[in-house]
Every structure is written in C-alpha cells, then in structure tokens.
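> Build me a structure from this.
(one chain, ligands or ions: 1)
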Amino acid sequence: MRLRNKPWAREKINAHPQFIIPEPSKVKGRWQEVFGNDNPIHIEVGSGKGQFVAGMAKQNPDVNYIGIELYESVIITALDRLIEADLPNVKLLNVDGSDLLDYFEKGEVGRVYLNFSDPWPKTRHAKRRLTYKSFLNLYETIMPEGGEVHFKTDNQGLFEYSLKSFSEYGMLLTFVSLDLHKSAFEGNVMTEYEEKFSLKGQRIYRSEARFKP
Ligand code: SAM
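Numbers count the residues shown, from 1 in each chain. The predicted structure follows:
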C-alpha cells in the first residue's frame, strides 16, 4: 500500500474518539461496555480503508466489529467512511496488531479476520506475516476455545504458507476455497483489495481455521 505523508491525519483522528478509540489499552477487558451491549466482538487485523468492517457491520448488526490499522494515512479513509455511515457497531484502532495483548483480555474476541494481509514474500521476513505462528498465538489467546481465523488473499504463495502455518499450529481447517468468487460461499463482503484484484481477473483464496481446544 502506497503511503503518503498526511500530517493533518493525527489531528483528525484525535477529533473523532467515538470512532477511533484513543488509548485502547485503557478499555482492555471492557470492550462490550464501549459498544454498550454484550454482542460478540470480531476484529480485522490490517483493516486498511475499512470497507470490510463497515460492510460486515451493516450485514450483521448483532456483531461488534473492530478494525485494526497501523497507518494513520490509511485509517483516516476508514474514519471518513464511519463518519458517513454512522454505524454503532464499528470501532477502529490505530495500533500495531503485534500488540493485541495490550488491548484485548483473554477470550474477549469472538473471531479474527485477516484480509489481503501484506505477503512479506522474503523468507527472512516470514515473522512479519499476520499468519506466522507468533500471531496465531496472539489470536488464540484473545479468543475463547474454538475461536476462528477467517482469511482471504489473492496471493497464492501467502495462502499456501498460511494453510501450512494454521495446520502446523494444530488448527482445524473448516473451509478452504481456491476460487471464492466462483464458489457457493454466500454473504461475502468484499474488501478494497478484493475488488481491485478481482477486477483484474485474479482469483481470491479464502480459508477458515479453528483453534482446537
Ligand atoms: N484489509 C484491507 C483490504 O483487504 O483491502 C487492506 C489490505 S492492505 C494490503 C494490508 C493492510 O494491513 C495495510 O493497510 C497495512 O497498513 C495493514 N497492516 C499491516 N501490518 C499490520 C499490523 N501489524 N497491524 C495493523 N495493521 C497492519
């Protein structure tokens, strides 16, 4: 993703604490209070411009969604989307997904979504992939037993690596599609990258993997 320097982004983020939660470590363990209900909390790590979390929130009003995005210059587009849509069941965090344990209590998150995660193709960068075993360990910790990671990508290499990583970690693969848009899967919410790549004719891979008790 191309990143432009947008110095006014921080100011805009600070002006909308109802959408981009400031100091999220202070509400660790109390996310349902933040949403004002006891609905499950699903997160997307690397949520980019927020199309997926906003679309999922519209489709599933009884689920709370949190989009986690590292870059200010990217998350402000997601912020604009939320200001426009005013969805009560979506919040954003401008933090690094490596630090999930600072923001979520054990078992607090019902599901983790990873969409078009950066592939980090060089072997020496494998630890940065969001499906590397150390990340899986974070997801397992913040979800209850049997928690699921739902993953989509256009990148065959990252998909193969990730299926192997899920499996080596001891997770159960409950869904695998090698061509999502030609499959019978219903209710797919497209991400920005998914729209872009599928318009170019690239196939989309999708998996669901469950942590075994
Ligand atoms: N999920 C969106 C989509 O499918 O359109 C965005 C995909 S984009 C290729 C990957 C996004 O993940 C980027 O916006 C990047 O900044 C974000 N990202 C990468 N590593 C991250 C991390 N450790 N924590 C939070 N966000 C991260």
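> Is stretch 58-76 positioned near the ligand?
Yes - Stretch 58-76 is in contact with the ligand by C-beta under 6 Å from any ligand atom, via 68, 69, 70, 71, 74. Heads up, the C-betas are built off the backbone N, CA and C, glycines and all.
> Separate out the buried members of these.
68, 69, 70, 74 (16 or more other C-beta atoms under 10 Å).
> Tell me the spacing between residue 192 and the ligand.
Counting by C-beta to the nearest ligand atom, to the nearest Å, the separation of residue 192 from the ligand is 4 Å.
> Can you get me a residue count around that residue?
Residues contacting residue 192 under the criterion other C-beta atoms under 10 Å number 19.
> which residues sit in contact with it?
Residues near residue 192 by C-beta atoms under 8 Å, 6 or more residues apart in numbering: 48, 49, 51.
> Which one of those residues is nearest to the ligand?
residue 48 (2.7 Å; C-beta to the nearest ligand atom).
> Work out which residue lies at the spatial centre of this protein.
Centroid check for the chain by C-alpha atoms, centre = their mean gives residue 44 as the closest residue, at 1.5 Å.
> A strand includes it, no?
Yes - applying DSSP: H, G, I helix; E, B strand; the rest coil, one finds residue 44 inside a strand.
> Leaving out sequence neighbours, find the closest residue to it.
Among residues not flanking residue 44 along the chain, residue 113 sits closest, at 4.2 Å (C-beta to C-beta, 6 or more residues apart in numbering).
> What residues does that neighbour make contact with?
Contacts for residue 113 (C-beta under 8 Å, 6+ apart) come out as 42, 43, 44, 45, 52, 56, 149, 150, 151.
> so which of these are also by the ligand?
Of the residues in those, proximity to the ligand by C-beta under 6 Å from any ligand atom holds for 45, 52.
> hmm, back to that, the buried ones among the residues of stretch 58-76 next to the ligand in helices, which ones?
Applying DSSP state H to these, the entries found in helices are residue 74.
> Closest one to residue 89 out of the buried ones among the residues of stretch 58-76 next to the ligand, please.
Nearest to residue 89 among these, counting by C-beta to C-beta, is residue 68 at 15.6 Å.
> per-residue confidence at the closest one?
pLDDT for residue 68: 98.
> Could you do the one 4 residues further on as well?
The model reports residue 72 with a pLDDT of 96.
> in the protein, which spans are strands?
All strands of the chain, identified by DSSP state E, fall at 41-45, 64-68, 90-93, 111-115, 148-153, 172-177, 205-210.
> Distance to residue 126 added to these, as TSV?
Shown next, in TSV, are the strands of the chain (distance: least, C-beta to C-beta, whole Å):
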stretch	distance to residue 126
strand 41-45	17
strand 64-68	21
strand 90-93	25
strand 111-115	15
strand 148-153	15
strand 172-177	20
strand 205-210	18
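> Of those strands, which is nearest residue 30?
Nearest of these (C-beta to C-beta): strand 41-45, 11.0 Å.
> what about the helix or strand of the chain with the lowest mean pLDDT, near the ligand?
Here the helix or strand of the chain ranked lowest by mean pLDDT, DSSP states H and E is helix 9-14, holding a mean of 93. No - Helix 9-14 does not reach the ligand (C-beta under 6 Å from any ligand atom); its nearest approach is 13.1 Å.
> Thanks again, I'm all set now.
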